[in-house]
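Student: Please find the sequence and the predicted model below.
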Amino acid sequence: MTRDSGVRAERLVTSGTFSLDGETFDVDNNVWLVGDDDEVLIVDAAHDAPAIAAAVAGRRVTAIVCTHGHDDHIGAAPALADATGAPVLLHPADRELWDTVHPGRKPDGELRDGQPLLVAGVEARVLHTPGHTWGACSLHVPFLDAVFSGDTLFHGGPGATGRSYSDHPTILASIRRRLLTLPGGTVVHTGHGPDTTIAAERPNVPTV
C-alpha cells in the first residue's frame, strides 16, 4: 500500500470530565480515527459517542481501542460500540478501572503487548506501556510514522502518575524502553493536547 492510499490519522477533540480518587476535573480529550475512506480504528472513545459516530461518517469501525481505563478515555465506549458494532479492546490490567465506570458491561476483547491490529490494510501494533495505569497501552503505526500514546507521553514529557493505579518509575521505564526507541521522526499523537515527536521528547524523559 502506497502513501497515497488515503490512510491517515484524524483528530476529534471532545470535552467532559475526569474523575479519580474523589476529585473531578474538566478535560478536553483527543479521539483518534485511524484509517481511510472506508474503515477506521478508533483510539479512545472519550465523552461524546454521537460526536465520534458523526466523525466516523458511516465508515466501518474495526475496533475501539482504549489506551487505558480512566473514565475520560472509556466513557463513550459502550455506546459507540452499540452504534458501530465494533469491539471495545482494553488491556486486562485496567479491568478494575473499567468496572468502576461500566459495571456489568465487559470489554469485548483484550489488548496484549505486540498484538497486531489491522485497519485499511495497515498494521497497528500494541505496545504495553504501563505507568500512567497498569494496563496503559500505546499504538504504533509504522505506515504513518506515528504512535498513539494515550496519556503515557505528552508534548513536554511523561504523563501523570500521582494517582491510584500509577507509578512514576514504571512510566519512565515504559517510555524509555518502548517509545523512545522508535525512530526520532515518529509523530506522537497524544491523549490530550498537541502532537510532538519522539526526538523532541527524548530530552524530557529522565533516566531515573
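Tutor: Thanks, I have it.

Student: Just the mean pLDDT for stretch 176-196, thanks.
Tutor: Average pLDDT, stretch 176-196: 98.

Student: Span of that stretch from start to end?
Tutor: 16 Å (Cα to Cα, to the nearest Å).

Student: what's next to it, contact-wise?
Tutor: 9, 11, 27-30, 32, 43-44, 67, 73, 127-129, 138, 140, 144-156, 159, 197-199, 201-202, 205, 207 (Cβ atoms under 8 Å, 6 or more residues apart in numbering). The way it works is simple: take the backbone N, C-alpha and C, and place the C-beta from them, glycine included.

Student: Of the residues you listed, which belong to helices?
Tutor: Applying DSSP state H to the contacts of stretch 176-196, the entries found in helices are 73, 198-199, 201.

Student: What strand or helix carries residue 82?
Tutor: Using DSSP states H and E, residue 82 sits in helix 77-84.

Student: tell me how far the following helix or strand past that helix is from the chain's mean position?
Tutor: Next along the chain after helix 77-84, taking DSSP H and E as the criterion, comes strand 88-90. Mean-position distance between strand 88-90 and its chain equals 11 Å (Cα atoms, centre = their mean, to the nearest Å).

Student: Quick check: mean pLDDT of stretch 69-88?
Tutor: 98.

Student: same question, stretch 24-36
Tutor: pLDDT averaged over stretch 24-36 gives 98.
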